[in-house]
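*Asks:* Just the structure for this:
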Amino acid sequence: MSIQEVIHLLKNPDVNMALRIIAITLAASTCVLSSPINQHSIEIHQPPRSYDAESNSTPIPIIHQEQEVEFDGTYHSSFETGNGIVAHEEGHLKNAGQKDEEIEEVQGEVQYTAPDGTIIKLKYIANENGFQPEGDHLPKAPVDENTPPPVPPAIARALEYILAHPQEEEESQTAKAHH
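*Replies:* This next block holds a predicted model:
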């Protein structure tokens with residue numbers, strides 16, 4: 001139905017109100033359907049389902065799982081999987097009832113076997129001092145407080161260059177001072 005036909009129907013006194021409403025609706029929908037639609041392509045990226053490169057891997061069963069939560073927020077949780085992952089964690093509220101002093105403290109341990117066969121054992125505590133992990137696989141700070149950490153190679157080269165060219169640095173500072 002064209003717009004001219006709709007206008008003719010609306011002006012015709014013999015046409016009842018219901019038919020006029022239908023004619024207006026048809027005209028409006030015709031205009032909407034005939035107008036161009038801007039289509040934007042939206043790509044949805046799905047995260048990988050697993051960190052494992054093999055997509056056909058077998059699901060790992062949970063051999064044991066335990067969770068206990070108390071009314072005061074204290075909890076204990078542990079699980080063991082069929083591939084040897086074992087985890088234990090417990091948490092509680094420190095300084096309960098002391099406004100601005102309450103802090104949740106969580107401590108736990110996770111153990112699993114790395115792909116190279118190394119047993120990884122991580123112990124941790126998280127509290128007002130942050131997350132504090134411990135494990136033989138983690139890098140260690142120097143034992144002797146007087147022993148500085150190793151200097152990165154790029155910094156060592158820069159220091160060697162500065163030591164080898166002391167006059168250039170002095171001359172450039174002198175030139176800046178005179179300008």
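*Asks:* which non-adjacent residue is nearest Pro61?
*Replies:* Excluding the flanking residues, the one nearest Pro61 by CB to CB, 6 or more residues apart in numbering is Gly82, at 4.2 Å. In this view, the C-beta of every residue, glycine as well, is placed from N, C-alpha and C.
*Asks:* wouldn't that neighbour be in contact with Ile60 here?
*Replies:* Yes - using CB atoms under 8 Å, Gly82 is in contact with Ile60, at 5.1 Å.
*Asks:* Adjacent strands (with direction) for the longest strand along the chain?
*Replies:* For the chain, the strand that runs over the most residues, judged by DSSP state E, is strand 103-113. Next to strand 103-113 in the sheet, as set by DSSP bridges, lie strand 86-94 (antiparallel), strand 119-127 (antiparallel).
*Asks:* Next up, phi/psi of the residue nearest to Pro61, please.
*Replies:* Main-chain torsions, Gly82, degrees, to the nearest 10: phi -70, psi -20.
*Asks:* Then Ala156?
*Replies:* Residue torsions, per degrees, to the nearest 10, at Ala156 are phi -60, psi -40.
*Asks:* and it, how many neighbours?
*Replies:* 11 (other CB atoms under 10 Å).
*Asks:* pLDDT wise, what is it at?
*Replies:* As predicted, Ala156 sits at a pLDDT of 87.
*Asks:* and the longest strand of the chain, average pLDDT?
*Replies:* Strand 103-113 comes out at a mean pLDDT of 94.
*Asks:* So which residues make contact with that strand?
*Replies:* Contact partners of strand 103-113, identified using CB atoms under 8 Å, 6 or more residues apart in numbering, comprise 73, 83-95, 119-128.
*Asks:* Next: stretch 61-80.
*Replies:* 81-82, 85-93, 96, 104.
*Asks:* If any of the residues you listed are buried, give me the ChimeraX selection for them.
*Replies:* Those of these that count as buried under 16 or more other CB atoms under 10 Å are selected in ChimeraX with:
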select :85,87,88,89,91
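*Asks:* so the nearest residue to Tyr124 once chain neighbours are set aside, which of the three states?
*Replies:* Spatial nearest neighbour of Tyr124, chain neighbours left out: Pro133 (4.6 Å); criterion: CB to CB, 6+ apart. Here Pro133 is recorded as strand under DSSP: H, G, I helix; E, B strand; the rest coil.
*Asks:* I'd like the distance between Pro133 and Ile155.
*Replies:* From Pro133 over to Ile155 the distance is 27 Å, taken as CB to CB, to the nearest Å.
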